[in-house]
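K.L.:
any chance you can model this:
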Amino acid sequence: MDKDTEGLLLISNNGVLAHNLLSPKKHVDKTYFAKIDGVVTEADIAIFKEGVTISDNYTCKPAELVILATENGISTVEITIQEGKFHQVKRMFEAVDKQVTYLKRLRMGTLELDAGLALGEYRPLTEKELASLIAKSE
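P.N.:
Alright, predicted model coming up:
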């Protein structure tokens, strides 16, 4: 995650697990909540579903984009990607002439952000969460 993003951050000393969760070849979903300066449309959903070509001529894997609301030219969305290239979500929206103003990771694989944690708080994974992540990443 970059410095302008908040939410779920997994810190691990298990290099294999970390690699498997982040590798695009493993198809591990990463879901974000975002506020977008601009009106996100059904056409944007279709573009994201096909795979957005970002500024360096790289085409991202297909992403699931869900419009939650649009008000006063600001859209709130959920987006699920399987990669995690440098500033990927922001670059995907820039490719469709929109700007991300807020980004929060909600989910990585089977692990969901603990709603009981305040910004900056952390906790260890439960045995069940760890086992689920390991199973999903194999």
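
K.L.:
neighbouring contacts of the longest strand that the chain contains?
P.N.:
Ranked by number of residues, the top strand in the chain under DSSP state E is strand 99-108. For strand 99-108, the surrounding residues in contact (Cβ atoms under 8 Å, 6 or more residues apart in numbering) are 1, 4-10, 21, 28-38, 74, 78, 80, 89-90, 93, 112-113. Every C-beta, even on glycine, is put in place using the N, C-alpha and C of the backbone.

K.L.:
cool, stretch 44-61 as well?
P.N.:
For stretch 44-61, using Cβ under 8 Å, 6+ apart, the contacting residues are 24, 62-67, 79, 81-83, 85, 88, 91-92, 94-96, 98.

K.L.:
what comes up buried for it?
P.N.:
For stretch 44-61, burial by neighbour count (16 or more other Cβ atoms under 10 Å) applies to 44-45, 47-48, 52, 54, 60.

K.L.:
what about the helices in the chain?
P.N.:
Ranges of helices in the chain, per DSSP state H, are 15-22, 42-50, 88-95, 127-137.

K.L.:
looking at those helices, which is nearest to Leu119?
P.N.:
helix 88-95 (19.1 Å; Cβ to Cβ).
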